[in-house]
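1. predicted structure and sequence below. I'll ask about it afterward.
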Amino acid sequence: MLTLALLFAAALLIDFAPAKEATAGAAGANRQGAGRSEIRLGMSADFSGSARALSIELYRGAMAYLLPVNNAGGVNGRHIAITAYDDQYEPDLAIRNTLKLMDGENVFALFSYVGTPTMNRTLPLLRMHQAKDFLLFFPFTGAGTNRIPPYDQLSFNLRASYDQETKGLVDHFIAVNRTRIAVFYQADAYGRAGWAGLREALAKHGLEIAGEATYRRGSPFDQSYDRQVAIMQRLQPDAVICVGTYPACAGFIRDMRDRGVDCPVATISFVGGGAMLKLLSTAGREFNKDYTSRLVSSQVVPSYDDNSVPAVREYREAMDRYRDAIMPPDSLLYPGGNRKEREYAPLPYGFISLEGYLNAKLFVGILQRMGGDPRRADLAQTVLNMGDFDLGMGQPLSFGGPTGRRQASDKVYYTVVRDGRFVPFRDGEWEAWAK
C-alpha cells in the first residue's frame, strides 16, 4: 500500500481561487469541509490513462462555469475549488484517492467521478463514512449501482441512466424492424451494466441479445478487433450497441466497416463521442473511408450546437472565453513528464464538457440555497427540497418529491454524424434505417 507521503505526492490540488485564499480557507475549515473563504470538491478521474479525454473534458466544462463564479466573489463569499486526483480508470487508485479526499483533504463533497468500475469501488467507502455525511454528486456514469439500495442514499445524479439510454436505442431499432441486436462491451462493471440494460430492454419486447463480443478495459484504438468483428460477421445482426470507451469503440467500428459489416452501430454517452469522432475521422481521411456512416450515439445532454437552448449558449460563451484557463495542469495530465508523446488537444465544445458545465452549475445552485453556513450534514436535505428547477436545458428537472428522487433528468438525446460533426437525430429520421 502507498504510504501517506506517497499519497500526497500522487495528488494535485487544483484551486480556482488564489493560493492565499485557498490556504486561508483550508485553515479555517470546519468539520463539515467548508472553509471561511473556500469550499473544496473532491474529484477522482482518469487524467492520464486510456480514457483521459472523458475526465479532461468533464473537468474543463466544470471549470468553465466555476471560474466566472469565483471571479465574481464565489458563493456567499466562498470560492469553489476542486481537489483532483488521477486514478487512471483503475478502481484501486480510485479507492486510495477517495480515502485521501475524505480523510486527508476533508473535502465538502465528492464531485464528478468518472467511470462505473471506479465509482463502484468507492461507494462502500462512502457508506463507511456515513457518520461524516459525505455524498457523491453527479458522477459521469449511468450505472445502476448508485441508483438502487444500498447505495442510492449516498449520491445524486444529474444524467439519465444507462438503462434509459439502452432502452431508447432498443425501442428505436425495433420500431424500424431491426430486432436482432448484438452488443460489444467492456469486460467490467461498466460494460456489464450496459449489457444488463440491453438485455432488460430487449426482454420487454420478447427478445434476447443476438450475440456479444467483449474487450479488455484500456484497449487502445490501434489494436486489432478482428476477433470481435469475426463474431459479428457470423451473427449478421440488424444492429450493434457498443458499451465501451472511445478508443476501443472507434477501433471496433473501424474494423467492422473494413470487413464489410455495415449494420447500424450505436454507442452510449460514456463513450466520449467527440474523442471517438476524432479517431474515426482521422482514420477515414487516412484510408479514404467513411467510418461514421450509420453511427448513432445516445447522449444525456442537449446538442452543444443547439443555440436555442439557453444553457448551451452560456456554455459555449464560457468555453470560448476561458479556453486558455480551464485545462488541468500538466503535472496532472503528464505525470511522467512525457507531454511531447501524449499531448492532449482539447475539443472546442463537446457533450462531456457540457455535462461538466451543467454539473458545476447545479452544484453552485445547491450551495446558494445553503446560505452562509454550509454544512455537509445539510446537503442531502437541501437537494431533496429543491423540487422542480431549471438549468436552462429546455427541459424540467427535479429532485425529491414523494419518491425522494435523486436523479434530476430522464431525458435521452440521439445524435448522428453529418459533415464531420454530431447533429441531432430526430425521431422521424430513424425510418431511413428501416429493414
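-> Perfect, thanks for sending it. Numbers count the residues shown, from 1 in each chain.
2. outside of stretch 371-385 itself, which residues are in contact with it?
-> The contact list for stretch 371-385 (CB atoms under 8 Å, 6 or more residues apart in numbering) reads 30, 32-34, 39, 76-78, 108-109, 132-135, 153, 156, 366-367, 369-370, 399-400, 404, 406. Just so you know, the C-beta spots here come from the backbone N, C-alpha and C atoms, and that holds for glycine as well.
3. how about 10 Å then?
-> Residues outside stretch 371-385 that contact it (CB atoms under 10 Å, 6 or more residues apart in numbering): 30-34, 39, 75-78, 106-109, 132-135, 137, 153-156, 362-363, 365-370, 399-401, 404-406, 408.
4. now do the domain split for the protein, please.
-> Per automatic domain parsing, the domain ranges recorded for the chain read 4-159+307-398, 162-299+413-433.
5. want to try TSV for those domains, with mean neighbour count and mean pLDDT as columns?
-> Formatted as TSV, those follow (neighbours: other CB atoms under 10 Å; pLDDT from 0 to 100):
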stretch	mean neighbour count	mean pLDDT
domain 4-159+307-398	19	89
domain 162-299+413-433	20	98
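6. which of the contacts of stretch 371-385 fall within strands?
-> Ile39, Ala109, Phe137, Ser155, Phe156 (DSSP state E).
7. which of those lies closest to Trp195?
-> If you rank the ones in strands among the contacts of stretch 371-385 by distance to Trp195 using CB to CB, Ser155 comes first, at 22.2 Å.
8. wait, that closest one sits on Asn120?
-> No - counting by CB atoms under 10 Å, Ser155 stays clear of Asn120, with 11.6 Å between them.
9. what residues are shared contacts of these two?
-> Going by CB under 10 Å, 6+ apart, residues that sit against Ser155 and also against Asn120 are Thr145, Asn146.
10. sec struct for Met319, please.
-> Secondary structure for Met319, judged by DSSP: H, G, I helix; E, B strand; the rest coil, is helix.
11. swap that for Asp378, please
-> Here Asp378 takes the helix state, with states given by three-state DSSP.
12. what is the most widely separated pair among the ones in strands among the contacts of stretch 371-385?
-> Using CB to CB for every pair in these, the one that comes out farthest apart is Ile39 and Ser155, at 18.2 Å.
13. would you mind putting the ones in strands among the contacts of stretch 371-385 into CSV with distance to Leu384 alongside?
-> Rendered in CSV, the data for the ones in strands among the contacts of stretch 371-385 read as follows (distance: CB to CB, whole Å):
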residue, distance to Leu384
Ile39, 20
Ala109, 15
Phe137, 13
Ser155, 13
Phe156, 9
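14. what's the closest of these to Ala182?
-> Distance from Ala182 was checked for each of these by CB to CB. The minimum falls on Ser155, at 31.8 Å.
15. how close does Asn120 get to Ser44?
-> Asn120 sits at a distance of 13 Å from Ser44 (criterion: CB to CB, to the nearest Å).
16. typed the wrong thing, it's Ile181
-> 34 Å.
17. grab the nearest non-local neighbour of Ile231.
-> Across the structure, with CB to CB, 6 or more residues apart in numbering as the measure, the residue nearest Ile231 apart from its sequence neighbours is Ala213 (4.5 Å).
18. tell me which stretches of the stretch 1-150 of the chain form strands.
-> With DSSP state E, counting those that start in this stretch as the criterion, the stretch 1-150 of the chain has strands at 12-14, 38-45, 79-86, 109-111, 136-137.
19. counting by contacts, list what the shortest one packs against.
-> Pointing back at strand 136-137 there. strand 109-111, helix 116-128, strand 155-156, helix 351-370 (3 or more CB pairs under 10 Å, 6 or more residues apart in numbering; DSSP states H and E).
20. can you rerun that using 6 Å?
-> strand 109-111 (3 or more CB pairs under 6 Å, 6 or more residues apart in numbering; DSSP states H and E).
21. same deal with the fourth one?
-> For strand 109-111, the contact count by 3+ CB pairs under 6 Å, 6+ apart identifies strand 38-45, strand 136-137 as packing neighbours.
22. turn those strands into TSV, including distance to Leu379.
-> TSV is the format used below for the helices and strands packed on strand 109-111 (distance: least, CB to CB, whole Å):
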stretch	distance to Leu379
strand 38-45	11
strand 136-137	8
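23. wait, Leu54 touches Gly272, no?
-> Yes - taking CB atoms under 6 Å as the contact criterion, Leu54 and Gly272 are neighbours in contact, 4.8 Å apart.
24. that older thread, of all the helices and strands packed on strand 109-111, which one is nearest Ile253?
-> Taking CB to CB as the criterion, Ile253 comes closest to strand 38-45 out of the helices and strands packed on strand 109-111, the separation being 24.9 Å.
25. residues making contact with that closest one?
-> 17, 22, 25, 55, 78-85, 87, 94, 97-98, 101, 107-114 (CB atoms under 6 Å, 6 or more residues apart in numbering).
26. what's the closest non-adjacent residue to the most centrally placed residue in the chain?
-> When the chain is reduced to its mean C-alpha position, the nearest residue by CA atoms, centre = their mean turns out to be Phe140, at 2.8 Å. Nearest non-adjacent residue to Phe140, counting by CB to CB, 6+ apart: Val114, 4.5 Å away.
27. is it true that that neighbour touches Ser55?
-> Yes - assessed by CB under 6 Å, Val114 is found in contact with Ser55 at 4.7 Å.
28. so for the two, which residues contact both of them?
-> Common neighbours of Val114 and Ser55, using CB under 6 Å, 6+ apart, are Ala45, Asp46.
29. could you report the pLDDT at the closest residue to Gln164 other than its chain neighbours?
-> For Gln164, the nearest residue in space outside its immediate sequence neighbours is Val412; the separation is 5.5 Å by CB to CB, 6+ apart. Looking at Val412, its pLDDT reads 98.
30. show me where the stretch 301-435 of the chain has helices.
-> Counting by DSSP state H, counting those that start in this stretch, the stretch 301-435 of the chain forms helices over residues 310-321, 330-333, 351-370, 376-384, given from the N-terminal end onward.
31. which residues does the longest one contact?
-> Taking contacts as CB under 6 Å, 6+ apart, the residues outside helix 351-370 that touch it are 54, 57-58, 60-62, 64-66, 69, 75, 112, 137-138, 158, 273, 299, 301, 304, 315, 382-383, 391.
32. picking that back up, quickly note the distance from the residue nearest to the centre of the chain to Asn157.
-> In this view, Phe140 and Asn157 are 10 Å apart by CB to CB.
33. quick check: the residue nearest to the centre of the chain vs Asp46, distance?
-> The gap separating Phe140 from Asp46 is 10 Å, by CB to CB.
34. can I get stretch 343-354 in PDB, CA atoms only?
-> What follows is the C-alpha trace of stretch 343-354 in PDB, where atoms were taken according to Å, rounded to 0.1, in the frame of the first residue of the first chain:
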ATOM      1  CA  GLU A 343       0.000  15.900 -26.000                       C
ATOM      2  CA  TYR A 344      -3.800  16.400 -25.400                       C
ATOM      3  CA  ALA A 345      -5.600  18.600 -27.800                       C
ATOM      4  CA  PRO A 346      -8.800  19.800 -26.100                       C
ATOM      5  CA  LEU A 347     -12.100  20.000 -28.000                       C
ATOM      6  CA  PRO A 348     -13.700  23.400 -28.500                       C
ATOM      7  CA  TYR A 349     -17.100  22.000 -27.400                       C
ATOM      8  CA  GLY A 350     -18.500  18.600 -26.600                       C
ATOM      9  CA  PHE A 351     -21.200  16.600 -24.900                       C
ATOM     10  CA  ILE A 352     -18.900  15.800 -22.000                       C
ATOM     11  CA  SER A 353     -17.600  19.300 -21.300                       C
ATOM     12  CA  LEU A 354     -21.300  20.500 -21.500                       C
END
